[in-house]
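A.B. asks: Generate coordinates for the sequence data below:
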Amino acid sequence: MLNYIKSEFYRNIHSKGNYIFLFGSMAFVIFLNVALGMFANGQVNFPYGNTRFSFSSFCASMSFIMIICLPLVSIIYGQEFKHHTLKNSISYGISRSQIYFTKFLMECIISIINLILISAAYIISAYIMLENSGVIYLNDLIRSIVACVPLFLVSVIVIHCLYFIVENETTVVVYWAIIMMVIPKLLSMAGRKIEVLGKIASYMPFNIMGAYSYDESTKRMIMNWSTQEEFIKCFVVGIIGVLVFYTLGLLLFNKREIK
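C.D. replies: Here you go, the predicted model:
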């Protein structure tokens, strides 16, 4: 198994797709702050040319970042899926559970590295291009990133699970959207009239990330994880979600015929 993990590390380190995704994403977030800074310099009393607005916007966009997990996992696993090379690994005597675990391990490592580097690029470019509003907004952003890591991993494991049990890549995207976005949204809507459904909806990663308000007095975004209880809840939901979909995907993958 160790040799297989090493081979996956080597393959991903030398994968152009990973670097194109990373540097493309970094360039995009830098562009956002550069464009905001240039616009602020050309406007008198422009209220959004500061790190408060930039960091708050990032915090409010966490659910969008979850969607980015789709192309990321596709880069790591999609080519093997597309070219039907998974059967080669199995024929070499590597067990399905080892393949399943190793792929997920790579996805977790690469996802977290990407999140750290892209976030760092965003923060640094914001401080260079925009007015500094104070460290409190940076602290809010870092707290948001940390709270959302386990929720991002739920998104990753759902995609990972689907790739191993569904034969069509488009179907993977559709199923992921239904599980991660449509069902939580429907439960949230139904929860306005049925309390128990609203309670269930509050534990869905997509709903957790999308729940925030704005405090006019402090000029801060009040995110779902602003309290210690909700912050811990993000990790509990993340751990349970990963365990459930990891187990489900492995069980179904063991029953699937590899062509």
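A.B. asks: Moving C-terminal from the lowest-mean-pLDDT helix or strand in the chain, which element do we reach first?
C.D. replies: Sorting the helices and strands of the chain by mean pLDDT, DSSP states H and E puts helix 79-83 at the bottom, at a mean of 64. Where DSSP states H and E defines the elements, the next helix or strand beyond helix 79-83 is helix 86-91.
A.B. asks: Just the buried residues of that next one, please?
C.D. replies: When burial is assessed from 16 or more other C-beta atoms under 10 Å, helix 86-91 yields the following buried residues: 86, 89. Every C-beta, even on glycine, is put in place using the N, C-alpha and C of the backbone.
A.B. asks: for that helix, what is the average pLDDT?
C.D. replies: Mean pLDDT, helix 86-91: 73.
A.B. asks: Which other helices and strands does the helix or strand that it is followed by contact?
C.D. replies: From helix 86-91 onward toward the C-terminus, using DSSP H and E, the following helix or strand is helix 96-129. The contact analysis (3 or more C-beta pairs under 8 Å, 6 or more residues apart in numbering; DSSP states H and E) places helix 96-129 against helix 2-13, helix 16-41, helix 51-59, helix 69-73, helix 86-91, helix 135-165, helix 228-255.
A.B. asks: one more time with 6 Å
C.D. replies: If you count contacts as 3 or more C-beta pairs under 6 Å, 6 or more residues apart in numbering; DSSP states H and E, helix 96-129 packs onto helix 2-13, helix 16-41, helix 135-165, helix 228-255.
A.B. asks: Please dump those into JSON lines; it should also carry mean neighbour count, distance to S74 and mean pLDDT for every row.
C.D. replies: Converted to JSON lines, the helices and strands packed on helix 96-129 look like this (neighbours: other C-beta atoms under 10 Å; distance: least, C-beta to C-beta, whole Å; pLDDT from 0 to 100):
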{"stretch": "helix 2-13", "mean neighbour count": "13", "distance to S74": "13", "mean pLDDT": "82"}
{"stretch": "helix 16-41", "mean neighbour count": "15", "distance to S74": "9", "mean pLDDT": "92"}
{"stretch": "helix 135-165", "mean neighbour count": "21", "distance to S74": "8", "mean pLDDT": "92"}
{"stretch": "helix 228-255", "mean neighbour count": "15", "distance to S74": "16", "mean pLDDT": "92"}
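A.B. asks: among these, which is nearest M221?
C.D. replies: Nearest of the helices and strands packed on helix 96-129 to M221, taken as C-beta to C-beta: helix 135-165 at 6.6 Å.
A.B. asks: Using PDB, write out every CA atom in stretch 200-214.
C.D. replies: The C-alpha coordinates for stretch 200-214 follow below in PDB (Å, rounded to 0.1, in the frame of the first residue of the first chain):
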ATOM      1  CA  ILE A 200     -32.000  18.700  10.000                       C
ATOM      2  CA  ALA A 201     -31.400  21.400   7.400                       C
ATOM      3  CA  SER A 202     -29.300  23.400   9.900                       C
ATOM      4  CA  TYR A 203     -26.800  20.500   9.900                       C
ATOM      5  CA  MET A 204     -26.300  20.500   6.200                       C
ATOM      6  CA  PRO A 205     -22.800  21.800   5.100                       C
ATOM      7  CA  PHE A 206     -24.300  24.000   2.300                       C
ATOM      8  CA  ASN A 207     -26.800  25.600   4.700                       C
ATOM      9  CA  ILE A 208     -24.100  26.100   7.400                       C
ATOM     10  CA  MET A 209     -21.900  28.000   5.000                       C
ATOM     11  CA  GLY A 210     -24.700  30.100   3.600                       C
ATOM     12  CA  ALA A 211     -26.000  31.300   7.000                       C
ATOM     13  CA  TYR A 212     -24.800  34.700   7.900                       C
ATOM     14  CA  SER A 213     -25.900  38.200   8.800                       C
ATOM     15  CA  TYR A 214     -24.400  41.700   8.900                       C
END
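A.B. asks: quick one: buried residues of that stretch?
C.D. replies: So, applying 16+ other C-beta under 10 Å, buried residues of stretch 200-214: 200-202, 204-212.
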